[in-house]
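Undergrad: just a sequence and a predicted model for now, questions to come.
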Amino acid sequence: MAELDGKKVAFLLTDGFEDSELTSPWGAVTDAGAQAQLVSPAGVKVTGKNGHEQRVDLAVGSADPDAFDALVLPGGVVNADNLRMDADSVAFAKAFFQAHKPVSVICHGAWILIEADVVRDRKITSYPSLRTDLRNAGATWVDEEVVVDDGFVSSRTPDDLPAFNAKTVEEIAEGAHAGQHA
C-alpha cells in the first residue's frame, strides 16, 4: 500500500504556471498513491509558461474543499497574480487552512495566501521577490530550501522541488494538523 492511498489532493492553478512546479509535485503525490485533481478558474485546460498543457478537472467555483485532503499551489508569476485576484480561488485556498489540512506552496504561489490572510505568524519561504510582501502580511520569511510549519510546506524555486515533494508527501500522509490555521 502506498503512503497516500485514499488521499485526494487539489492542485490550484491557472495559465502561466511554472511547468515543473505542477508536473513534479503531481508526479510525487500520484506515485505515492494519491489522486490528484487540477482545480482552476480557467476553462477546460491550463497552459504553463513553458507550454505544458493539462486538463482542468474542476472549476474552482464549484469545487468543494471538503472533498480534498490537501492543497498544492504551484508558482509562476502570471498564474499566482491571476489566482490572487480570483475570489473563488482565494476562498478555496483559505478553506484548507481553516480545516487544518496540509497546504504546499512554491515560488510565487504564496501571493494567493497573502490575499487569503493565512500567513500571519507563520514561517515561510518563497521566491525572494515575495519576501517583503510576506513580511508585510505578518509572516516570518526565511531563505531555505523547504520550510515546514505545522502542515504548511513552502519552497523557493524549481531547484527545491526534490525537498518540496518529499515534505509535501510527508505532510499529506500525516493528515490534518491542529496548528494549521487561517
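TA: Sure thing, it's come through. Everything quoted here is computed from the prediction, not taken from an experiment.
Undergrad: could you give the number of residues near Glu53?
TA: By the measure other Cβ atoms under 10 Å, the count of residues near Glu53 is 10. Yep, even glycine has a C-beta here, placed from its N, CA and C like the rest.
Undergrad: neighbours of Gly43, how many?
TA: Gly43 has 10 neighbours, counted by other Cβ under 10 Å.
Undergrad: isn't it up against Arg55?
TA: No - using Cβ atoms under 8 Å, Gly43 makes no contact with Arg55, being 10.2 Å away.
Undergrad: got the contact list for the residue nearest the centre of the chain?
TA: Geometric centre of the chain, nearest residue: Leu73, 2.1 Å, by Cα atoms, centre = their mean. By Cβ atoms under 8 Å, 6 or more residues apart in numbering, Leu73 lies in contact with 11-13, 83, 93, 103-106, 109-110, 112-113.
Undergrad: could you do Pro128 as well?
TA: Asp143, Arg156.
Undergrad: again with Ala67
TA: Lys8.
Undergrad: can you offset everything so residue one is 48?
TA: Okay, residue one is now 48; in that scheme the one you just asked about reads as Ala114.
Undergrad: strands of the protein, residue ranges please.
TA: 55-59, 82-87, 92-94, 100-102, 105-106, 117-120, 150-153, 170-171, 187-188, 193-195, 199-202 (DSSP state E).
Undergrad: how about these in a markdown table, adding mean pLDDT and distance to Glu218?
TA: Shown next, in a markdown table, are these (pLDDT from 0 to 100; distance: least, Cβ to Cβ, whole Å):
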| stretch | mean pLDDT | distance to Glu218 |
| --- | --- | --- |
| strand 55-59 | 98 | 11 |
| strand 82-87 | 98 | 15 |
| strand 92-94 | 97 | 24 |
| strand 100-102 | 97 | 23 |
| strand 105-106 | 97 | 22 |
| strand 117-120 | 98 | 7 |
| strand 150-153 | 98 | 7 |
| strand 170-171 | 98 | 14 |
| strand 187-188 | 98 | 18 |
| strand 193-195 | 98 | 7 |
| strand 199-202 | 98 | 5 |
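Undergrad: can you redo the ones you listed as a markdown table with distance to Gly222?
TA: As requested, the strands of the chain are exported to a markdown table (distance: least, Cβ to Cβ, whole Å):
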| stretch | distance to Gly222 |
| --- | --- |
| strand 55-59 | 12 |
| strand 82-87 | 16 |
| strand 92-94 | 28 |
| strand 100-102 | 27 |
| strand 105-106 | 22 |
| strand 117-120 | 9 |
| strand 150-153 | 13 |
| strand 170-171 | 20 |
| strand 187-188 | 25 |
| strand 193-195 | 14 |
| strand 199-202 | 14 |
